[in-house]
Every structure is written in C-alpha cells, then in structure tokens.
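A.B. asks: predicted structure and sequence below. I'll ask about it afterward.
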Amino acid sequence: MTTMTAEPVSAGTGPVERKPLMSGPAILMMNLGFFGVQFSFGLTQSSVNPLFLLIGASPDQLPILNLAGPVTGLVIQPLIGAISDRTWHPRWGRRRPFITAGACLCAIILFLFPFVGILWLAVICFWLLDAGNNTSMEPYRAFISDRLPKAQLARGFLTQSMFTGAGAVLANLSLFLLQKVGALEKNAGNGVPYWMYVCFMIGTFCILLTVLTAMARTKELTPSDEELAEMRATPKGLHHAVSEIADAVKTMPVAMHKIGVVFLFQWYAMFIYWQFLAVSLGETVFHSNPEDGGPAWDQAIAWSGLQNAAYNFVTMISALFLVGFARRIGAKRVHAVALGLASVALVWLARIDNQYVALVPMIGLGIFWASAVGVPYLMVASMVPARRTGVYMGILNMMIVVPMLIQTVTFGWIFNHLLGGKGSNAMTVAGVLLGIGALAMLWVNPPDEADESPIVPLGAKRSISVYERVVVGSDGTPTSLYAVDRAAEVAQAAQAKLVVVTAYRDADAGAASGQAEGMHRDVYGIDAARDALERSVTTLTRERARYIEQRLVAGDPAQALLDTVGVNPANLIVVGNRGLGASEGQMLGSVPAGVVKNAVCDVLVVQTSALDEDRIFAKERAPGRERTLGRERTLGNERTLGKEPAKASASGDPEPLADTEPEGRPPTQ
C-alpha cells in the first residue's frame, strides 16, 4: 500500500482552538502525580485519627479534630481554582505552579508529622497537610480537563481514578505490613510506633517523585490570544476571586445543584467511616478500645488500614468499567447503585465479628469509591465552560466539604448522646445515610438536554454522542464530497478526529469503462486514488476540521472503512446512501449496506440521493468556483443507524497516511 504525506491543518489561534489528542502513555504520565497525592490522602484517612488517639485524644474529639479538612477544602480549593483560571506564565504554565507548591508542602508536613508528640501541634500539622492536599488536588483535576479534548476526558478521569486507588492501596498496605515488622514495633518517646514513622517517610518520597515527574513531563497548552487577553483584563486579587466564585455558583448548571443534594448525605457518611472505622473494628472484631490501648488496639489500627487498602484495590478494578456503564444507563443510575452497595456494606460491617469476613463489604465500598472519585468530576468537567473549569472544580469540592464541616461540629454530640459512644453504631448511621443518598440520586429528575453532560450523561435523553474518530469514505465524486462535508461537521461538534479514507482497486483503469453512465465508479490505481483523496480534503478548512487523517487503502471500500474503525465502538462511520454499487431505485449501495451490516460502531448514512446531481456536477465543472455542498444541504437529510453484531475482519488495520493532527503550540519559553 502506498502512503503519502498530507499537508498539516493548523490549530489556529481563535477562541475555538482544538486540543491535540494525547497518547495512552502521555495520559498515564499526566495522571502519575495523583498516585502521590492520594498516598498522602490515604495516610490522612487511615493513620491521622489513630495518631491523634495515640497522643491523647478521645474518640468523641475526633470529629472536631478533623475540622481541618472541611475548612481548608471550603476556603482553599475554590480560591485556588479561581486564581489558577486567570493565571498564565510562559514557562511555568497555568495549573502546574499550584500543583507543585501543594505537593511540596505536603511532603514537608508528612516528614515532620510523626515527630510531633503534642496534640495541638499535631492538629496544626493536619491543617497544613490538608492545605497542601487541597492546593494540589483541584488544580490537578482542572489540569486534566484543560489538557484533554472531550473525546479523551473519560479516559483521563478513569486513569485518575486508577492512580487514586493505587496510591491509597499502597498507603494503607504500608500501614498494615510495616506494623508486622518486629524491628519497628517499639514506640518512640512521643508514643508513636516506629512503623508509622516509616509510613510517613514513604509518603514524603512518593508525593515528591510522582508529582514532580508528572509536572516536568507534561506541558500545558498555551492559551489562545483571546484567552490571554481576557486573563490580562480580568481584575486580580482576593476580592475579585471571591466575586467570581459567587457568580459561578449563581450560573452553574442545574445538574450541579442536584449533585450537591446527594453529596450532603454521601460525604457526611464517609467522614463518619474514616473517623470511626478503627474504633468500630476494635469493638466488634478485636475487642479493644483506644482508652485501653495495647496490642489488640494496634491490631485494630493496622487492620483498618488493610480494610481501606481492600476497598481502594476494588476501586482500581471497578474504575475500568464504571464509565462505560455510565455511558449506557446514565451516571445517575450508576452512582445510585454504587451508593446502595456502599450502604449495605457499612451496615453489614458494623455487625461482623471476624476480621477476614470484614474484608468482604469492602467490595461494595470500593465500587462506590470508584464512582465517587471519577464520575461526578467527569460530569462537571464536561458541562461547564472550559475557561472556568478551575473554579467549578473548587465549587464541586465545596459541595463535598460542607457536609464534612457539618459532621465535624455535630457528630461528636450525636456519638456520645445518641449512639452510646459505640463505633459500630456510628458505622450503621453512615450506612443509612449512604442509602438515603442513593434514594436521593434516584429522586433527582434528569436535567434538560442543555444542562446534560455530553461525555457521561446524568440521565437525560441526548441527541448526539461523542466519538473519538469520525471515519468517512470518499471517491472524489460530488456525492462523496457531500458525505465528507457532513462528517467534518460531526467531527467538529464532537471534537473528534476526522479520518478520510479512499479505497482503490489494483486493476487496469479500463476495467471501469463497462460501468453504466451516471453510476458511481470504483477508483482504479494509486494515482487516481491520490487525486480523489486530495479533492476530498481540499475544502476542509481549519474552521471545519482541525484534526484530519488521510488514508489510501487498496481493496474493497466497505472493508477499508471497517478496518479503519476496528473494534472501537467510540468511532462513527459516515457513508452516503447512494455510494459505490448503488443501482437506480436502491435505497443503499453495496458499500453503505456492507458497512451498516458489519460495523461495531454507529453509522451515519447521509441522504445523498436527495441531491440534484446535475446541478452539483454543473457547479463542479464551473471554472474557479468553490464547492459549497455543505452550505446548501438541509439538516434533516441524514439518519443514524444502530449497531449490529460485528463480523470478524480478515485483514488488519490499513496503513495510515501521515497524521495531520497538530501537536498544539508549546508554552513560550
């Protein structure tokens, strides 16, 4: 097969500038820092509360001691998000300075934390650690949204969920395994065991290594001239950042308000779980409590780390499937089911007296956590303006920390006066609240289509899907050019790559002479195919198609299209209904019929038979006149056909031509 080099299509500098697609390894590298950030957060979840108890705190004080997380999240995350939205430095970028600064602060505090032996100093360290986590986390999520086109957002946030689970797994496993090392069993002078020192040192190393590596290896896209001008014109300062947050709250999509209702129950419950897991396991499994201490209580602390590692391991696995389920049945239903599983898990956990059986409910909690850390952020990233992603990610975090803040100031009294000071009762209450959250998610009405997420639906009916690639075949005839024109418009709307395929026969050009006049003909020979392909992309200006790939394929036209899309259902094939092989009066030609029958992805059939071909050919022959097929068509002339079971292809992927996707403008040095 012959290849040719296509002319690059510029990314342009206008406000509709497109984001270049990223390779799989590049997406992994970009998300690597979440491993270290989540290791730090995992230590906060599993070891900080036991550490408070070791240096003199009582269980009923845990909620108020955990006030640091909600307050820093409520204040820092939206402010950092709003400030980073209006920040740009030619060398350091937009989000990377905040991500790096937060990670460095976390590393310093993680190193110092276990040396603290006074409760009030430990609380200060906890505040600073949460401040660092919050400074890194939301700009990092906004960074993913900034860097990826919509077609890759799902993969980006899925990868984030995987690294989030992996970091938490390592953090909690280190707490469990190091506690078993005989040389680390002794306590330091402040009462903190040496194995906990080692855990915090590992956290220091992980967050520095992963975050700094990810930020060094992933560049931010340079904003357009219009975006830079808007940043310079935007007033600076804390007052204006607060005003922007207030304005964003007033104008945020209805779907975000509905998510906030569910979050009220969800995060109140999860804060109870993190604070009282060790206390609950101590009562029901190890028959110990923090007041008495001893080896049994140390076992309860270590096993709580293993419990958290177990659910985060399940998170890593289930994250591979949740986004796909959300696309099929709607994120509302997926998240409701996940909340229901977590509810059953925690109610059951409060009644288990065997430490190994206690690991089983973590399956349900892990599935829920995969949904909680991925699906809501993906929905919000796809439904809000790109230029305000940072502030809206911060607002979403406000919806998380407000319930936590309420929990810290109310649950201490509830724990002592209504629950009898029993951790197992606290775990039951957390399960019930998660169940209410599941019902609230089902109660939420689907949003209007205008407020619906184009990536992962909340539940409304949608009139368009998002595709990674739009594949269209062309033989250079006016009717095929019309199909190319329609494919370009779909690709632009979906922010997808456009792939134009021209198939040709390895036969003498004279073989086509026997075909009837007026019928579409196969393309014979590489030269004719190259000419047809060149004519197919001539009219694709940068405003209509930013990412174009051209392919010349020797063989059957229908098979060429099927081989190009492969087995990826996220692609779309566009064909004309009167393409090659169409006889008069026939609804579909042989090529579109073969594609519809065998494709594993969606197929868009363009109604080319409705065109006045004599007028089109006349316009084609008019010298110096540009084709305007796409501007003369009507919007109702196409229909989308559903998928049918695929037949195995006998050939591999066709060799692509040079890809004309731009790499994006690198940051100015």
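C.D. replies: Structure's in. What do you need?
A.B. asks: now residue 76: how far from residue 199?
C.D. replies: Between residue 76 and residue 199 the distance, using CB to CB, to the nearest Å, works out to 25 Å. Quick note: C-beta positions are derived from backbone N, CA and C, even for glycine.
A.B. asks: just want to know which of the two has more residues nearby.
C.D. replies: It is residue 199, of residue 76 and residue 199, that has more neighbours when counted by other CB atoms under 10 Å, with 31 against 22.
A.B. asks: so the more buried one touches residue 43, yeah?
C.D. replies: Yes: contact criterion CB atoms under 8 Å: residue 199 and residue 43 qualify, at 6.4 Å.
A.B. asks: okay, and the common contacts of the two?
C.D. replies: Among the neighbours of residue 199, those also in contact with residue 43 (CB atoms under 8 Å, 6 or more residues apart in numbering) are 171, 175.
A.B. asks: please parse this protein into its domains.
C.D. replies: Taking automatic domain parsing as the domain assignment, the ranges for the chain are 24-451, 469-641.
A.B. asks: most tightly surrounded among these?
C.D. replies: For these, average neighbour numbers computed from mean count of other CB atoms under 10 Å are highest in domain 24-451, which has a mean of 21.
A.B. asks: any idea how far it is from the middle of the chain?
C.D. replies: On the basis of CA atoms, centre = their mean, to the nearest Å, domain 24-451 sits 16 Å off its chain's mean C-alpha point.
A.B. asks: tell me where this structure has strands.
C.D. replies: 469-473, 497-504, 548-554, 571-576, 602-606, 638-641 (DSSP state E).
A.B. asks: let's have those strands in a markdown table, adding mean pLDDT and distance to residue 118.
C.D. replies: Supplementary listing: those in a markdown table, determined by pLDDT from 0 to 100; distance: least, CB to CB, whole Å:
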| stretch | mean pLDDT | distance to residue 118 |
| --- | --- | --- |
| strand 469-473 | 87 | 59 |
| strand 497-504 | 86 | 58 |
| strand 548-554 | 83 | 63 |
| strand 571-576 | 86 | 60 |
| strand 602-606 | 86 | 63 |
| strand 638-641 | 38 | 66 |
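A.B. asks: for residue 33, find the nearest of those.
C.D. replies: With distances scored as CB to CB, the stretch of the strands of the chain nearest to residue 33 is strand 497-504 (27.3 Å).
A.B. asks: that closest one to strand 571-576, inter-axis angle?
C.D. replies: With axes from the mean of the first three to the mean of the last three CA atoms, to 10 degrees defining the directions, strand 497-504 sits at 50 degrees from strand 571-576.
A.B. asks: given strand 497-504, what are its sheet partners and their directions?
C.D. replies: The sheet places strand 497-504 alongside strand 469-473 (parallel), strand 548-554 (parallel), with pairing taken from DSSP bridges.
A.B. asks: before we move on, the earlier item: where among the domains of the chain is the average confidence lowest?
C.D. replies: The weakest mean pLDDT among the domains of the chain belongs to domain 469-641, with a mean of 68.
A.B. asks: other residues contacting stretch 338-356?
C.D. replies: Outside stretch 338-356, the residues that touch it by CB under 8 Å, 6+ apart are 262, 266, 269, 273, 280-281, 284-286, 303, 322, 358, 361-365, 367-372, 424-425, 427-428, 430-432, 434-435, 437-438, 441.
A.B. asks: if we use 7 Å, what do you get?
C.D. replies: By CB atoms under 7 Å, 6 or more residues apart in numbering, the residues outside stretch 338-356 that reach it are 266, 273, 280, 284-285, 303, 358, 361, 364-365, 367-368, 371, 424, 427-428, 430-431, 434-435, 437-438, 441.
A.B. asks: separation between residue 425 and residue 307?
C.D. replies: Residue 425 sits 18 Å away from residue 307 when distances are taken as CB to CB.
A.B. asks: my bad, residue 147
C.D. replies: From residue 147 over to residue 307 the distance is 35 Å, taken as CB to CB.
A.B. asks: before we move on, what about residue 279?
C.D. replies: Relative to residue 307, and taking CB to CB, residue 279 is found at 13 Å.
A.B. asks: swap in residue 243?
C.D. replies: Distance check for residue 243 against residue 307: by CB to CB, it reads 44 Å.
A.B. asks: ok, residue 105 next?
C.D. replies: When residue 105 is compared with residue 307 (using CB to CB), they lie 28 Å apart.
A.B. asks: residue 146 too?
C.D. replies: 36 Å.
A.B. asks: cool, residue 431 as well?
C.D. replies: Computed as CB to CB, the residue 431 to residue 307 distance reads 15 Å.
A.B. asks: if I read this right, residue 159 contacts residue 28, doesn't it?
C.D. replies: Yes: shown here, residue 159 and residue 28 form a contact pair, counting by CB atoms under 7 Å, at 6.2 Å.
A.B. asks: quick check, central residue of this protein?
C.D. replies: Among the residues of the chain, residue 157 comes closest to the average C-alpha position under CA atoms, centre = their mean, at 2.1 Å.
A.B. asks: that residue contacts residue 377, correct?
C.D. replies: Yes: with contact defined as CB under 7 Å, residue 157 counts as touching residue 377 (5.8 Å).
A.B. asks: check contacts around residue 60.
C.D. replies: Under the contact definition (CB under 7 Å, 6+ apart), the residues listed for residue 60 are 412, 415-416, 421.
A.B. asks: how about 6 Å then?
C.D. replies: Remark: with contacts taken as CB atoms under 6 Å, 6 or more residues apart in numbering, residue 60 is in contact with 412, 415-416.
A.B. asks: hey, where'd the helices end up in the stretch 51-200 of the chain?
C.D. replies: In the stretch 51-200 of the chain, the helices defined using DSSP state H, counting those that start in this stretch lie at 62-65, 68-85, 96-112, 119-147, 150-178, 194-217.
A.B. asks: right, so of those helices, which gets closest to residue 557?
C.D. replies: Closest among the helices of the stretch 51-200 of the chain, once you apply CB to CB, is helix 150-178, at 25.5 Å.
A.B. asks: mind giving me the packing neighbours of the closest one?
C.D. replies: Using 3 or more CB pairs under 6 Å, 6 or more residues apart in numbering; DSSP states H and E as the contact definition, the elements that helix 150-178 packs against are helix 24-31, helix 33-43, helix 194-217, helix 295-329, helix 362-383.
A.B. asks: again, only this time at 10 Å
C.D. replies: The helices and strands touching helix 150-178, judged by 3 or more CB pairs under 10 Å, 6 or more residues apart in numbering; DSSP states H and E, are helix 24-31, helix 33-43, helix 119-147, helix 194-217, helix 295-329, helix 362-383, helix 478-494.
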